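[1] Compute the structure for the input listed below.
(one chain, ligands or ions: 1)
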Amino acid sequence: MSNYFLTTPIYYVTAKPHLGHAYTTIIGDAIARWHRLLGENVHFLTGTDEHGQKVAQAAETAGLSPQAFTDSIAPLYQQAWHQLNISNDDFIRTTEQRHKVGVADLLQRCYDAGDIELDLYKGKYCIHCEEYYTDDELDPGDLCRIHKLPVEHVEEENYFFRLSRFQDRLLDWYAAHPGSIVPEFRGNEALGLIRGGLRDFSVSRTSITWGIPLPWDDKHVAYVWFDALANYLTAVGYGSDDERFNEWWPAHHLIGKDIIRHHCVYWPAMLLSAGIEPPAGWAVGGWLLSGGEKMSKTTGNVVNPLDLVADVGVDGFRYYVLADTQYGNDGDFTYEGLIGRYNSDLANNLGNLLARVATVVGKKCDGIGPTPRPDSPLATAAESSYATTAAAWGDSAPSRALDATWSLIRATNAFLEANEPWKAEPGPEVDAVMGDALEALRIVTVLASPAIPDTCQTVWERLGLPGRVEDQRVPAAATWGGYPGGLTVTKGEALFPRKTV
Ligand SMILES: [Zn+2]
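    Numbers count the residues shown, from 1 in each chain. Down below sits the predicted model:
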């Protein structure tokens, strides 16, 4: 069985979980679930980023120690992911001991390699990004482009990672690993950053105490990138359990487009310096915007995902997040869009299909599902739906995957409308049509389960199928002819009652 290690970014604990965090985490969850369906041994990691100046400041404002403050915020993420049915295998907090020892180890290796050196830094610094910017990276008036707030002039003695030495090594590595960043245009963006010239970046601060001390100079604490990025290593045993680390590394990273520089340029250079293999791949998402702006506490346009779950259910929300935006591009969250997707794809398509099938099987087949025909006209639709769905999940493209799965739902609804079994007398012809429809629905249930797992389990049970849909394995479970017939089909309540805005 092959191992598949998938990560989300770790989320900074100065903000509570919002739609932007939920977006990437739900994408990751669905991809992890798809790889489990493929029979891979999956390790899906998320967590919280808990060190740094902003956390220390937020803790002070809250009247708490930094540790007590982070202890109060990290569980909000764990609870939110639990409520959204996120199947993470681990949740790392950067204040954990396993992380601290690994960060010290990584820093020491890069220092020993001669790639970390002491230097004086003067620059324009956004305290919210924790990032220095050059003039051409700022808006007029020295405003940070992300935060729209003025940067500060900072001068201090820092240790620097000599990123400038890595241009050729990075270009060579990417040339040897084509397609490792998807979508392709985001990969080109990363290559553009590398070709454009690389500046050394600061890896330590003396002005901050809330962080991990450098192992060779404890007046300095590790600054942002060596601390945060290293979570991907330390969570699977780097620095504490080599055997486990070697089993899982390298990881597949899901990241947002705003952290391409750090994840696709800094990070592989740091790993090359330390003699560690760079990541297996990166899938780069756009932002889920709200009112045309990135959601952030600073801009005040934060949508709490758990409020939306109250309206459309966990799966209604998950489906929207996965289906509505092509991963890689920006999406714009609107409440009307959420309800529109819910009604068209879930209530009218999937919900209606199940209701029709269960009703007709109840009335015309005594509630017992008939066997599908091997030569059903739906068999080809199912085959091509599976092929396209699988390819799209493989490309980390959930919206395309779901569209391909929904093509089988649409084909099955059209097949029923063409045959009108509800008008026919019970008999072999109705049985044949309904057996085919049940089989198509069974395949849909398997294919949609990474996106809407609870709903698919419900459908699975209403079709009379035993066990857990998540225990199915593709391609076998997506192959035409798996519905055995003779099972009791249950109608039940509407899966997705229609909503009005
Ligand atoms: Zn900023």
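
[2] Near whichever residue of the stretch 151-300 of the chain sits closest to the ion, how many other residues are there?
    The stretch 151-300 of the chain approaches the ion most closely through Val151 (7.5 Å), counting by C-beta to the ion. (Glycine included, C-beta is placed from N, CA and C.) For Val151, the count of nearby residues is 23 (other C-beta atoms under 10 Å).

[3] Let me see the contact set for it.
    Neighbouring residues of Val151 by C-beta atoms under 8 Å, 6 or more residues apart in numbering: Lys124, Tyr125, Cys126, Tyr133, Leu138, Asp142, Leu143, Cys144.

[4] what does Arg468 give?
    Gln457, Trp460.

[5] where does it fall, phi/psi-wise?
    phi -110, psi 130 (degrees, to the nearest 10).

[6] again, but for Leu338
    According to degrees, to the nearest 10, Leu338 has phi -60, psi -50.

[7] Equivalent analysis for the one 10 residues further on, please.
    Dihedral angles of Asn348 (phi, psi; degrees, to the nearest 10) stand at phi -80, psi -40.

[8] and it, how far is that from the ion?
    Distance, Asn348 to the ion, by C-beta to the ion, to the nearest Å: 43 Å.

[9] List the single closest residue to that residue in space, sequence neighbours excluded.
    Sequence neighbours aside, Arg498 is the residue nearest to Asn348 in space, at 7.9 Å (criterion: C-beta to C-beta, 6 or more residues apart in numbering).

[10] and that neighbour, how many neighbours?
    For Arg498, the tally of surrounding residues (other C-beta under 10 Å) stands at 13.

[11] For it, give me the pLDDT.
    The confidence metric pLDDT takes the value 94 at Arg498.

[12] residue contacts, it?
    Arg498 touches Asn343, Ala347, Asn348, counting by C-beta under 8 Å, 6+ apart.

[13] Close to the ion: what parts of this structure are there?
    For the chain, the residues in contact with the ion (C-beta under 5 Å from the ion) are Cys126, His128, Cys129, Cys144, Ile146, His147.

[14] pretty sure the fourth one is touching Cys126, no?
    Meaning Cys144. Yes - in this structure, Cys144 is within contact of Cys126 by C-beta atoms under 8 Å, at 4.0 Å.

[15] Pull up the overlap in contacts between those two.
    Applying C-beta under 8 Å, 6+ apart, one finds that Cys144 and Cys126 are jointly contacted by Tyr133, Val151.

[16] I'd like to know how many residues surround the residue lying closest to Ser2 once chain neighbours are set aside.
    Closest residue to Ser2 apart from its sequence neighbours, by C-beta to C-beta, 6+ apart: Glu40 at 5.3 Å. Using other C-beta under 10 Å, Glu40 has 14 neighbouring residues.

[17] So what's the predicted local confidence for Glu40?
    98.

[18] Then Lys16?
    So, for Lys16, pLDDT stands at 88.

[19] What values do phi and psi take at it?
    Per degrees, to the nearest 10, the backbone of Lys16 is at phi -80, psi 160.

[20] So it versus Tyr4, what's the distance?
    Taking C-beta to C-beta, to the nearest Å as the measure, Lys16 and Tyr4 are separated by 30 Å.

[21] Show me what counts as buried in stretch 276-290.
    276, 278-279, 281-290 (16 or more other C-beta atoms under 10 Å).

[22] quick one: terminal-to-terminal distance for that stretch?
    One end of stretch 276-290 to the other measures 38 Å (C-alpha to C-alpha, to the nearest Å).

[23] Run through this protein and note the low-pLDDT ranges.
    Regions of the chain meeting the criterion pLDDT under 70 cover residues 292-302.

[24] still on that earlier bit, now that we have the contacts of Val151, which of them are buried?
    By 16+ other C-beta under 10 Å, these give Lys124, Tyr125, Cys126, Tyr133, Leu138, Cys144 as buried.

[25] what's the closest of those residues to Pro9?
    When those are compared for distance to Pro9 (C-beta to C-beta), Cys126 wins out at 18.1 Å.

[26] May I have the residues that are in contact with the closest one?
    Shown in contact with Cys126 (C-beta under 8 Å, 6+ apart): Tyr133, Cys144, Ile146, His147, Leu149, Val151, Glu152.

[27] tell me the contacts of the residue nearest to the fourth one when sequence neighbours are not counted?
    Meaning His147. Counting by C-beta to C-beta, 6+ apart, His128 is the residue found nearest to His147 once chain neighbours are left out, at 4.6 Å. Listed by C-beta under 8 Å, 6+ apart, the contact set of His128 reads Lys54, Cys144, Ile146, His147, Leu149, Thr298.

[28] helix/strand/coil for His128?
    coil (DSSP: H, G, I helix; E, B strand; the rest coil).

[29] so what's the closest residue to the ion within the stretch 401-501 of the chain up against?
    Nearest residue of the stretch 401-501 of the chain to the ion: Ala451, at 33.3 Å (C-beta to the ion). Taking C-beta under 8 Å, 6+ apart as the criterion, Ala451 is in contact with Ala30, Asp315, Arg318, Tyr319, Leu322, Ala323, Pro398, Ala401, Leu402.

[30] Checking it next. Helix, strand or coil?
    Counting by three-state DSSP, the backbone at Ala451 sits in coil.

[31] if I look at it, how far off is Val314?
    When Ala451 is compared with Val314 (using C-beta to C-beta), they lie 11 Å apart.

[32] Quick one: neighbours of Ala176, just the number.
    With other C-beta under 10 Å as criterion, Ala176 counts 8.

[33] Please apply the same query to Val321.
    Around Val321 there are 29 residues (other C-beta under 10 Å).

[34] what helix or strand is it on?
    Assessed by DSSP states H and E, Val321 sits inside helix 305-324.

[35] One more: Ile27?
    helix 19-37.

[36] just how off-centre is that helix within its chain?
    A distance of 4 Å separates the centroid of the chain from that of helix 19-37, by C-alpha atoms, centre = their mean, to the nearest Å.

[37] again, but for stretch 346-361
    30 Å.

[38] And stretch 380-388, by the same measure?
    Stretch 380-388 sits 25 Å away from the centroid of its parent chain (C-alpha atoms, centre = their mean).

[39] Can you list the buried residues in that stretch?
    Of all the residues in stretch 380-388, those buried under the rule 16+ other C-beta under 10 Å are Ala381, Ala382, Glu383, Ser385, Tyr386, Thr388.

[40] Look at the residue of the chain most remote from its centre and tell me its secondary structure.
    In the chain, Glu425 marks the outermost C-alpha relative to the chain mean, sitting 48.4 Å out by C-alpha atoms, centre = their mean. The assignment at Glu425 comes out as coil when based on three-state DSSP.

[41] distance of it from Lys364?
    8 Å.
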